[in-house]
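**Q** Okay, structure incoming, though there's no sequence with it:
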C-alpha cells in the first residue's frame, strides 16, 4: 500500500462521505472512488459499505483505519526526525524536549542547566504541552524526548528512566474549611459538591461528562480554583510557585506520581543520550 492510498482511505473513513473526503483532500471524487475500489480489490476486503444513506465502515475497514493512522503517524514522525538529523549534519544541531506546562518546573530547570554543562551540549527547544499531550508529541516526531508522568501518561513503546516519585495534594481556594486540615482523604476531595474536579480534554479533543468545568491548561485551572469553581488533585511539586489565593493539602491515599524521561527506542541521538544522562544524574 502507498501512503497516498492510506491518506485517501483515512479521509473517507473519517468523513464517511466521498464528496466531503474529496474536498478535504483537494481532489475530484471519481479518482478517489477508483483509488478506494482498487485498494479493496488488492486487499480482497470490503472496507466501506456504500448505501443510500451514506458510507459506513466494515469491520475490516475499522482495522485498516486504526492501522493506517498509526502508519501515517510513523511516516510523519520519520520525516520530522530526518529533517532534524539533516540540520544537525549541516551544523545546526538541536533537540526538542516536551514537558507538561505547569508541571515539573523545578526539575526541568535543573535538567536544562545540567545538560548545558555537558560536553557537546546542543540547543534545547522546549515544547510546553497541555495535559497528556507530551506522549503524542513524542510519538509523532515533534519532540525527541519528553518528561512524562505515570500513571497519567501512556509510556508504552518508549524507553524510559524514572526520575522522581511524589505524592499528590488537593489544591483548594484559600479560606475553604478543608484548607486548614493537615491532610485529606481522596474521597473527601472527589466528593466536594461545591468544588468539582475539572474535566480535561481527551486525545480527540472531547471532554468527559461531569459537573466540573472544562479546562485546557493550568492557568485556567488555578483561576477557576481561586474563584471557588473547582478543586484539583495534582502532584505535590505544584506547591512550588502556588499562586496567591490557593492552598495545597496532602492527600496521602491518592496514587503516587512518577516523573520519567522518555524517548523513542530507536533513537541514536547523542543529544537525547546526553539529556537522559543529565536527568538521571540529578
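**A** Arrived safely, thanks for sending. As the structure is a prediction and not an experimental result, all values here were calculated from the model. Numbering: from 1, shown residues only.
**Q** Now do the helices in the stretch 1-150 of the chain.
**A** Assigned helices in the stretch 1-150 of the chain, in chain order: 3-15, 18-25, 29-43, 59-89, 105-116, 133-139 (criterion: DSSP state H, counting those that start in this stretch).
**Q** For the last one, the averaged confidence score.
**A** Just to be clear, that refers to helix 133-139. Averaging pLDDT along helix 133-139 gives 88.
**Q** which other helices and strands contact that helix?
**A** Judged by 3 or more C-beta pairs under 8 Å, 6 or more residues apart in numbering; DSSP states H and E, the packing partners of helix 133-139 are strand 94-100, strand 145-150, strand 257-263. For every residue, glycine as well, the C-beta is placed using N, CA and C.
**Q** Need the winner for burial among these.
**A** Highest mean neighbour count of the helices and strands packed on helix 133-139: strand 145-150, a mean of 24 (counted as mean count of other C-beta atoms under 10 Å).
**Q** Mean pLDDT for the helices and strands packed on helix 133-139 - can I get that in a markdown table?
**A** Formatted as a markdown table, those follow (pLDDT from 0 to 100):
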| stretch | mean pLDDT |
| --- | --- |
| strand 94-100 | 88 |
| strand 145-150 | 94 |
| strand 257-263 | 95 |
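**Q** Could you dump those into TSV with distance to residue 74 added?
**A** Shown next, in TSV, are the helices and strands packed on helix 133-139 (distance: least, C-beta to C-beta, whole Å):
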stretch	distance to residue 74
strand 94-100	18
strand 145-150	17
strand 257-263	16
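**Q** Can you check which of these gets nearest to residue 130?
**A** Residue 130 lies closest to strand 94-100 among the helices and strands packed on helix 133-139, at 7.5 Å (C-beta to C-beta).
**Q** Note down every partner strand of the closest one and its orientation.
**A** Strand pairing for strand 94-100, determined by DSSP bridges: strand 123-129 (parallel), strand 145-150 (parallel).
**Q** Format these as TSV; extra columns: distance to residue 238.
**A** Shown next, in TSV, are those (distance: least, C-beta to C-beta, whole Å):
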stretch	distance to residue 238
strand 123-129	15
strand 145-150	12
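**Q** So for residue 221, which of those strands sits nearest?
**A** strand 123-129 (14.7 Å).
**Q** May I see the buried residues of the closest one?
**A** Across strand 123-129, burial judged by 16 or more other C-beta atoms under 10 Å covers 124, 127-129.
**Q** ok so, going back, go through the helices of the stretch 1-150 of the chain and pick out the most buried.
**A** Highest mean neighbour count among the helices of the stretch 1-150 of the chain (mean count of other C-beta under 10 Å): helix 133-139, with a mean of 21.
**Q** Identify all contacting residues around that one.
**A** Helix 133-139 is contacted by residues 73, 77, 98-100, 127, 129, 143-148, 153-155, 157-158, 203, 262-264 when judged by C-beta atoms under 8 Å, 6 or more residues apart in numbering.
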